[in-house]
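J.: Dropping a prediction and its sequence here:
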Amino acid sequence: MRSQSYGGAGIVTLFEKIIAREVPADIVHEDAHCIVIRDIDPQAPVHLLIIPKTMIPRVGEATLDHQMLLGHLLLTAGGIAREHDFVNEGFRLVINHGADGGEVVPHLHVHVLAGRAMQCPPG
């Protein structure tokens, strides 16, 4: 989902519009580096998206410059799991890359799935 940029900064994704508060979302956490929202099409009782405020189109395009941010996203997932009391039951983290990987929005994000037993192997 891409559209013309607000402010002339280039292509803007749905997630960039959510971060800019141009599109409403159910925000459960926000800090200087990321925002966490509830997925509008949940695949589990708990389905959150951790979205970095820095635009990285997909994980395969991340660079060493993004190393600390990527670590922050994973630490945020653990913190959210503790805060929302599903850390002990377990949860799954998913990052999609490209169409065959299930990517819908070209803005790196981490899916946090919990609230039911996950099947393995995934996919």
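T.: The structure has been received and is ready for your questions. Numbering: from 1, shown residues only.
J.: and the end-to-end length of stretch 29-40?
T.: Using C-alpha to C-alpha, to the nearest Å, the end-to-end distance of stretch 29-40 comes out at 16 Å.
J.: Okay, buried residues for that stretch please.
T.: Within stretch 29-40, the residues that qualify as buried are C34, I35, V36, I37, D39, counting by 16 or more other C-beta atoms under 10 Å. C-beta: built from backbone N, CA, C; applies to glycine.
J.: Kindly report the same for stretch 90-106.
T.: Buried, per 16+ other C-beta under 10 Å, within stretch 90-106: F91, R92, V94, I95, N96, E103, V105, P106.
J.: Can you say which helix or strand has the second one in it?
T.: What it means is R92. Using DSSP states H and E, the element containing R92 is strand 91-94.
J.: for that strand, what is the average pLDDT?
T.: In this model, strand 91-94 carries a mean pLDDT of 96.
J.: Strand partners (parallel or antiparallel) of it?
T.: With DSSP bridges as the criterion, the sheet partners recorded for strand 91-94 are strand 110-114 (antiparallel).
J.: Pull the distance from the partner strand to the chain's centre.
T.: Averaged C-alpha coordinates place strand 110-114 at 8 Å from its chain's average position (C-alpha atoms, centre = their mean, to the nearest Å).
J.: For it, the averaged confidence score.
T.: For strand 110-114, the per-residue pLDDT values average out at 97.
J.: Can you give the contact residues for it?
T.: With C-beta atoms under 8 Å, 6 or more residues apart in numbering as the contact definition, strand 110-114 has outside contacts at 36, 39, 43-50, 73-74, 77, 80-81, 84, 86, 89-96.
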